[in-house]
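Peer 1: Have a look; sequence and predicted model below, questions after that.
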There are 2 protein chains.
Amino acid sequence: MHSYLQKIRDFITNLDVDSSKIFNNMSPIQHFAKGDFLLKQDDVCRKSYWIIRGIARKYYLHDGKDITTELYFEDDLAVSFESYTLQKPSKEYIQALTDISVAVTDYTLFQKMKQQFPKLTELDLMLTEYYAIWLEERLFEFHTLSASERYLNLLEKQPQIVQFVPLTHIASYLGISLETLSRIRAKI
Amino acid sequence: MHSYLQKIRDFITNLDVDSSKIFNNMSPIQHFAKGDFLLKQDDVCRKSYWIIRGIARKYYLHDGKDITTELYFEDDLAVSFESYTLQKPSKEYIQALTDISVAVTDYTLFQKMKQQFPKLTELDLMLTEYYAIWLEERLFEFHTLSASERYLNLLEKQPQIVQFVPLTHIASYLGISLETLSRIRAKI
DNA sequence: AGTAAAATTTGACCTAAGTCAAAGAAGTTA
DNA sequence: TAACTTCTTTGACTTAGGTCAAATTTTACT
């Protein structure tokens, strides 16, 4: 889940004292090694992970292929959205691509805290809104851009992905075969 | 925005008296004739439209082609999400495909009401969550299904679309050319 | 009913991107 | 530094789905 960072920071900064205190104590830091799974398919996603350092990805398996649905960098919120929201088994895996540090928020605890501190519900709404807008953008790209346009667009918007993530994952993230992506890169 | 209807109905049914009263008085009914625009590109989407009767669609223009992004039936919530949420000019049009009746909720009024009745923020969150889940599903379909699989999937999940909406719109909604869609249908 | 307009189908051809297979590069580990 | 493993590139070939153009069919309007 990608954040419109500044607006979210502002919102958090402006929380009342109580909400703010709660918010800061709710999410202990945890570390994962490269390759570790934060979530596996069929498990219920009971935590959200705010990436503090390192890279992770979310993906699912379809006909033996693995398809990357999201790439996480610093300040992104890693979560299998449907599983987390409906507390049902996840279709997706979340895996650390490097050693990572994350702030972990428990679903149930957050639900309770939202009841006590309504400002947190507003924060939740805000995060969800930005995620939906990001999804709309992804759909727009699939509808209107060719394979190489999608790659160029990614290169422009999130050069860090191209710099640090293996091409296989970038290819499936863009809905392109690895070979085609390689050829696209060769031409630039 | 498609609703997981029952959960939303339940939620509204269980609102406290004050929230419920507000909710019911907030959205006057309005009528549009076939072909009318509920929203045009570049206008800010200041209203959300709960479809009471009839059919509408949301679309944008790209390189002269029109691409349908959503089809609305009874109980769907028609809104250009990014424009509504950020109150910025819309990339999309919303148009009545038949004569329609809608319950119209004003953005600014709803924002105010949410401050007074926090339950409404929870409702807003719930609607946004379901919209995000629906968007994830759409992305999944584009990633994993072929053109004819997408059509068959639509036929199964939302037969009313195929029954009542012109094929041109269905084609662009599925990311298929009109001709290819016609051939897919011929083969079934 | 008769005509225009819109929607859908069909045909011929084209092309972006996929698949399969093999060769090179680049990292990792002993 | 050799030997794996993983990642990326290149080549040869295939194919799903696009485009353009011309029928049909259906719908809407006088």
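Peer 2: Received the coordinates, thanks.
Peer 1: Going by C-alpha atoms from here, please, whenever you check contacts or count neighbours.
Peer 2: OK.
Peer 1: anything in stretch A:102-119 sitting right up against chain B?
Peer 2: Yes: judged by C-alpha under 8 Å from any C-alpha of the partner chain, stretch A:102-119 comes into contact with chain B at A:Pro118.
Peer 1: Just the buried residues of that stretch, please?
Peer 2: A:102-107, A:110, A:113-114, A:117-119 (16 or more other C-alpha atoms under 10 Å in any protein chain shown).
Peer 1: filter the residues you listed down to the ones close to DNA strand D.
Peer 2: The subset of these within reach of DNA strand D, by C-alpha under 7 Å from any atom of the strand, is empty.
Peer 1: Throw these into JSON lines and include secondary structure and pLDDT, thanks.
Peer 2: Output for the buried residues of stretch A:102-119, formatted as JSON lines (DSSP: H, G, I helix; E, B strand; the rest coil; pLDDT from 0 to 100):
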{"residue": "A:Val102", "secondary structure": "strand", "pLDDT": "94"}
{"residue": "A:Ala103", "secondary structure": "strand", "pLDDT": "94"}
{"residue": "A:Val104", "secondary structure": "strand", "pLDDT": "95"}
{"residue": "A:Thr105", "secondary structure": "strand", "pLDDT": "95"}
{"residue": "A:Asp106", "secondary structure": "strand", "pLDDT": "96"}
{"residue": "A:Tyr107", "secondary structure": "helix", "pLDDT": "97"}
{"residue": "A:Phe110", "secondary structure": "helix", "pLDDT": "94"}
{"residue": "A:Met113", "secondary structure": "helix", "pLDDT": "92"}
{"residue": "A:Lys114", "secondary structure": "helix", "pLDDT": "92"}
{"residue": "A:Phe117", "secondary structure": "coil", "pLDDT": "89"}
{"residue": "A:Pro118", "secondary structure": "helix", "pLDDT": "90"}
{"residue": "A:Lys119", "secondary structure": "helix", "pLDDT": "90"}
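Peer 1: Can you pick out the most distant pair from those?
Peer 2: Farthest pair in these (C-alpha to C-alpha) is A:Val102 and A:Pro118. Separation: 24.6 Å.
Peer 1: Return the member of the buried residues of stretch A:102-119 nearest to DNA strand D.
Peer 2: Taking C-alpha to the nearest atom of the strand as the measure, DNA strand D sits nearest to A:Val102 out of the buried residues of stretch A:102-119, at 22.1 Å.
Peer 1: Next up, the contacts around that closest one.
Peer 2: A:29-31, A:49-53 (C-alpha atoms under 8 Å, 6 or more residues apart in numbering or on different chains).
Peer 1: Which of these sits closest to chain B?
Peer 2: Checking the contacts of A:Val102 against chain B by C-alpha to the nearest C-alpha gives A:Tyr49 as the nearest, at 18.0 Å.
Peer 1: circling back: just the closest of the buried residues of stretch A:102-119 to DNA strand C, please.
Peer 2: A:Val102 (21.4 Å).
Peer 1: Chain A: helices as residue ranges?
Peer 2: Counting by DSSP state H, chain A has helices at residues A:5-13, A:17-25, A:81-86, A:107-116, A:118-144, A:147-157, A:159-164, A:167-174, A:178-187.
Peer 1: I'd like to know which of these lies nearest to A:Asp63.
Peer 2: helix A:167-174 (13.2 Å).
Peer 1: Of all the residues in the worst-scoring helix or strand of chain A on mean pLDDT, which ones are buried?
Peer 2: Among the helices and strands of chain A, helix A:17-25 carries the lowest confidence by mean pLDDT, DSSP states H and E, at a mean of 78. By 16+ other C-alpha under 10 Å, the buried positions in helix A:17-25 come out as A:19-20, A:23.
Peer 1: can you list contacts of it?
Peer 2: Contacts of helix A:17-25 (C-alpha under 8 Å, 6+ apart): A:12-13, A:113, A:117, A:119-120.
Peer 1: for stretch A:162-170, same thing?
Peer 2: By C-alpha under 8 Å, 6+ apart, the surrounding residues in contact with stretch A:162-170 are A:67-68, A:154-155, A:161, A:178, A:181.
Peer 1: Just the buried ones from those?
Peer 2: Among the contacts of stretch A:162-170, those classed as buried by 16+ other C-alpha under 10 Å are A:67-68, A:154, A:161, A:178, A:181.
Peer 1: just the residues you listed: which has the poorest pLDDT?
Peer 2: Lowest in pLDDT among those is A:Ile161, which has 91.
Peer 1: mind listing what that one touches?
Peer 2: With contact taken as C-alpha under 8 Å, 6+ apart, A:Ile161 is in contact with A:71, A:154-155, A:170.
Peer 1: If we only consider those, which is nearest to chain B?
Peer 2: Checking these against chain B by C-alpha to the nearest C-alpha gives A:Ile170 as the nearest, at 13.3 Å.
Peer 1: Which residue, other than its chain neighbours, is closest to A:Ala103?
Peer 2: Residue nearest to A:Ala103 in three dimensions, not counting chain neighbours: A:Ile29, with 4.4 Å by C-alpha to C-alpha, 6 or more residues apart in numbering or on different chains.
Peer 1: show me what contacts the one you found?
Peer 2: A:101-104.
Peer 1: Write out the residues of chain A neighbouring chain B.
Peer 2: Counting by C-alpha under 8 Å from any C-alpha, the residues of chain A near chain B are A:62, A:81-82, A:85, A:118, A:121-122, A:124-125, A:128-129, A:131-133, A:135-136, A:138-139, A:142-144, A:175.
Peer 1: For the contacts of helix A:17-25, name the two members farthest from one another.
Peer 2: Comparing all pairs in those by C-alpha to C-alpha, the longest separation belongs to A:Thr13 and A:Met113, at 17.6 Å.
Peer 1: Okay, A:Phe37 and DNA strand D: tell me how far apart.
Peer 2: Going from A:Phe37 to DNA strand D by C-alpha to the nearest atom of the strand, to the nearest Å gives 15 Å.
Peer 1: repeat for A:Thr121
Peer 2: Per C-alpha to the nearest atom of the strand, A:Thr121 is found 39 Å from DNA strand D.
Peer 1: Cool, thanks, signing off.
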